[in-house]
Structures are given as structure tokens and as C-alpha cells.
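Have a look at this prediction, sequence included:
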Amino acid sequence: MSKILIIHTGGTIGMTKTADGYKPDGEYFRNLIFHMEDLKAETMPDWDFVEVLPLLDSSRMGVREWNNVARIIAENNEKYDGFVILHGTDTMAYTASALSFMLKGLRKPVILTGSQIPVCEVRSDGRENLIASMLIAGEARVKEVCIYFGGMLLRGNRTTKYSALGMRAFKSPNYPELATAGISIQYNEAAFLKDTGEAFVFRPFNDVPIGVVKIFPGFRFDLFESMLTEKLKGVVVETFGSGNIPDDNGFLIPMLEKAEKNDVVFVVCSQCPQASVDMNAYEAGSALKKAGALSGRDMTSEAAVTKLYYLFSVCPDVSRIKELMETDLCGELSL
Ligand code: ASP
């Protein structure tokens with residue numbers, strides 16, 4: 001029988017109501033999970049449970065929490081066949097992306113899940129999400145970091161939170177689903193991450209200064225330029241469509257030159273969830289390319305941001321970081 005570790009980090013799934021709104025409630029959730037008859041069924045994997053304290057609303061999670069979760073997995077790697085991480089939906093796509101880089105070479109299922117309605121409410125989607133995630137982790141057919149939510153198993157570093165209302169909270173706009181859970185769980189093996197034979201080495205992230213900028217009509221590059229000091233290591237710029245940006249006031253090129261001079265890595269992503277950046281497609285994107293901006297291709301902003309954290313934590317050479325930013329490291333971009 002396979003054995004998995006459930007890691008509770010917080011999020012709606014284990015929250016209860018307070019006068020200020022829903023809040024993580026470790027004791028409530030612990031009692032509930034240890035008494036859930038379904039989790040003792042013969043068809044379920046054997047499981048242990050651990051909490052990452054303090055339990056948090058995921059909007060409060062960041063580098064320190066990502067490192068803590070990854071460390072638990074790295075330290076318990078030999079003991080378990082798979083891992084289920086209970087997590088808030090707000091930043092689940094960021095954590096999933098971060099873990100995909102940190103846990104490169106792990107070759108085990110790491111399934112993040114949570115719920116839109118807490119398990120303390122009768123209509124909660126948490127039970128199904130938890131049970132299916134445990135089965136997928138126990139089966140260990142898919143050996144990568146994924147999000148399971150609302151009947152879909154998605155590659156973690158391809159996901160983005162799409163809905164704060166519906167039960168299908170996540171989408172993977174540029175990559176197919178890894179599995180769908182209907183009457184049975186149907187795996188799409190062709191989409192699984194290919195094993196590169198890379199050895200697993202846990203590499204925690206440093207707290208790297210990174211920015212994300214969303215372009216809009218009327219964007220004032222002159223104001224943004226003041227951000228591009230040598231303190232900033234990387235910026236993800238969410239441009240229009242396939243990498244287009246307005247440049248009617250002549251500020252763009254000097255700004256990019258300043259970024260280059262200060263060794264700021266400038267990555268171009270798209271505001272369209274379903275897109276792949278091609279700075280050659282339109283004249284309006286060509287200036288970015290000429291000035292040395294990197295193409296994020298079809299990466300989500302979540303993947304681009306966490307990849308910058310990863311690369312600046314493991315690689316001292318900026319020109320190598322730039323090269324790797326445009327390279328597929330663990331299924332986060334299509335070449
Ligand atoms: N605010 C919650 C969180 O991200 C939302 C959720 O879990 O759905 O922790």
C-alpha cells in the first residue's frame with residue numbers, strides 16, 4: 001500500500017467563520033480529517049498529516065512559506081510515495097510554480113488542492129478535492145507538481161487562478177490537463193513531464209527583489225523607470241497580446257537600456273491568459289526585442305515570477321540567468 005503525506009498550510013478548506021470572516025482553524029480541521037470515514041477506506045492510501053504553522057490565508061504566503069513546504073517534502077522524500085498540500089486558492093498557482101522549480105528532479109506526485117467553500121459548510125467542494133488528490137498522490141502515476149481542483153489535474157506551473165466564484169477555480173490556458181476526474185480518473189499520459197534523469201537537490205529560494213508591471217493604455221514609462229535601480233533583480237512585464245507595448249513618448253528604449261545597464265532581467269509575458277509572446281509578430285513589440293527584453297513565451301506570470309526567484313537563488317551569472325529564463329526547465333514553457 002502506498003503512503004502519502006498531507007501538508008496543511010491553511011486556506012479556505014480548513015477555515016471556520018469568525019466575526020471578521022473566514023480564518024484558518026487548525027484544531028477544527030485536524031479533528032475533522034482524523035474522523036473522516038472516507039479517508040479510512042481500503043481504496044485510500046495510507047496517510048500522515050502535518051501542519052505548517054502558522055496556518056495562513058494564502059494571500060499572506062511568500063518565499064519563507066514556499067521554502068518551509070519544500071523543506072518538509074525534501075526531508076520526507078524517502079518516507080512517502082506522494083504529497084498532498086492543502087493550500088488557499090489565492091496564491092496556489094504561485095506556490096505550485098515555485099515548488100515545481102524547487103523540487104525539480106523529485107519524481108513524485110506533489111498535489112496542491114484546497115476549496116472554494118470550507119469543509120465546515122455543507123456545500124463544501126473540499127472533500128472531493130481532498131479525496132481525489134489523495135488518490136492521485138497515492139497512485140503516483142503523475143510525478144510532478146500539480147494542482148487538483150474541480151475535477152481537473154493541471155500542471156502546477158501552467159496554472160492561474162481563474163475564478164473566485166466557481167468550483168473550477170484554476171485554468172491551464174496554454175497546456176492540456178494532466179487528468180480529469182469523472183466516474184474514473186482519466187490520465188493524459190502524453191502530457192506528463194518527461195523524466196530528464198536530473199538528480200533531486202532541494203534549493204530554497206532567496207528573497208529576491210522582483211517586480212511585476214501590467215501595461216495599460218496611457219502607461220507612464222517615466223514613472224516606472226525610477227523602479228529600475230540596481231536593487232531590482234528582475235521584472236515581469238505583462239504586455240498586450242503577443243508582446244506589444246505602447247512607445248509613443250519615446251521612453252521605452254531608454255528605460256530598457258537602463259535595465260540592461262543595471263543588470264535587471266526584463267521578461268515579457270502577456271496579459272492574455274491564452275497566448276505566447278512573439279516580439280517579432282508586430283512592429284509594436286519589436287523595440288522590446290531589440291532592447292534585449294526576454295520572451296516569457298507562453299509562461300504564466302506566476303511561473304515567470306517564481307522562475308526569477310529560482311534562477312537568482314541558484315545562479316550567480318546574469319547572462320546565464322537570461323539564457324535559462326527562455327529555456328524550459330520543468331515544463332513551464334513551450335519552445
Ligand atoms: N483567501 C483564501 C486563501 O487563499 C481563498 C481560498 O482559499 O480559496 O487562503
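Sure thing, it's come through. All values derive from a computational prediction rather than experimental measurement.

wait, is Phe101 part of a helix?
Yes: according to DSSP: H, G, I helix; E, B strand; the rest coil, Phe101 belongs to a helix.

Verify the stated contact: it with Val305.
No: judged on C-beta atoms under 8 Å, Phe101 makes no contact with Val305 at a distance of 10.9 Å. (Each C-beta comes from the backbone N, C-alpha and C, glycine too.)

what about the residue nearest to Glu51 when sequence neighbours are not counted, helix or strand, and which?
Of all residues not flanking Glu51 in the chain, His8 sits nearest, at 4.7 Å (C-beta to C-beta, 6 or more residues apart in numbering). According to DSSP states H and E, His8 maps onto strand 3-10.

Mind checking what helix or strand follows the helix or strand Glu302 falls within in sequence?
Using DSSP H and E, Glu302 falls within helix 301-314. Remark: after helix 301-314, the chain's next helix or strand is helix 318-325, criterion DSSP H and E.

Now that next one: buried residues?
Buried residues in helix 318-325, counting neighbours by 16 or more other C-beta atoms under 10 Å, are found at Ile321, Lys322, Leu324, Met325.

same deal with stretch 27-44?
Buried residues in stretch 27-44, defined by neighbour count with 16+ other C-beta under 10 Å: Phe29, Leu32, Ile33, Leu39, Met44.

Contacts for it, please.
6, 8, 13-14, 16, 47, 49, 51, 119-120, 127, 130-131, 134-135, 138 (C-beta atoms under 8 Å, 6 or more residues apart in numbering).

Nearest to the ligand, out of those residues: which one, please.
Ile13 (6.7 Å; C-beta to the nearest ligand atom).

Please report phi then psi for the residue of the chain found nearest the ligand.
The nearest approach of the chain to the ligand comes at Gly88, 1.9 Å away (C-beta to the nearest ligand atom). Torsion angles at Gly88 (phi, psi; degrees, to the nearest 10) stand at phi -70, psi 150.

From Tyr28, how far off is Arg60?
If you measure Arg60 against Tyr28 using C-beta to C-beta, to the nearest Å, the figure is 19 Å.

Likewise for Cys120?
Distance from Cys120 to Tyr28, by C-beta to C-beta: 7 Å.

and the nearest residue to Met152 once chain neighbours are set aside, how many residues sit next to it?
Distances taken as C-beta to C-beta, 6+ apart put Glu177 closest to Met152, at 5.2 Å, once the chain neighbours are dropped. Per other C-beta atoms under 10 Å, the neighbour tally for Glu177 reads 18.

What residues does Glu177 make contact with?
Met152, Leu153, Leu154, Asn188, Ala191.

before we move on, back to that, for the residue nearest to Glu51, grab the count of nearby residues.
Residues lying near His8 (other C-beta under 10 Å) number 22.

And the contacts of the top strand by length along the chain?
For the chain, the strand that runs over the most residues, judged by DSSP state E, is strand 46-56. For strand 46-56, contacts defined as C-beta under 8 Å, 6+ apart pick out 1-11, 14, 24-26, 30, 33-34, 39, 65, 68-69, 72, 80, 84, 88, 134.

Give the buried subset of the residues you listed as a ChimeraX selection command.
To isolate the buried members of these in ChimeraX, using 16+ other C-beta under 10 Å:
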select :4,5,6,7,8,9,10,11,14,24,25,33,39,65,69,72,80,84,88,134
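
low-scoring pLDDT stretches of the stretch 101-250 of the chain, where are they?
Along the stretch 101-250 of the chain, the model assigns pLDDT under 70 to residues 248-249.

can you rerun that using 80?
222-225, 227, 247-250 (pLDDT under 80).

For it, what lies in contact range of the ligand?
By the rule C-beta under 6 Å from any ligand atom, the part of the stretch 101-250 of the chain lying against the ligand is Gly114, Gln116.

which residues of the stretch 101-250 of the chain fall in helices?
126-139, 221-225 (DSSP state H, counting those that start in this stretch).

I'd like those helices laid out as JSON lines, including distance to Lys233.
Below are those laid out as JSON lines (distance: least, C-beta to C-beta, whole Å):
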{"stretch": "helix 126-139", "distance to Lys233": "34"}
{"stretch": "helix 221-225", "distance to Lys233": "16"}
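
which of those helices is buried the deepest?
For those, the largest average neighbour count (mean count of other C-beta atoms under 10 Å) is found in helix 126-139, namely a mean of 22.
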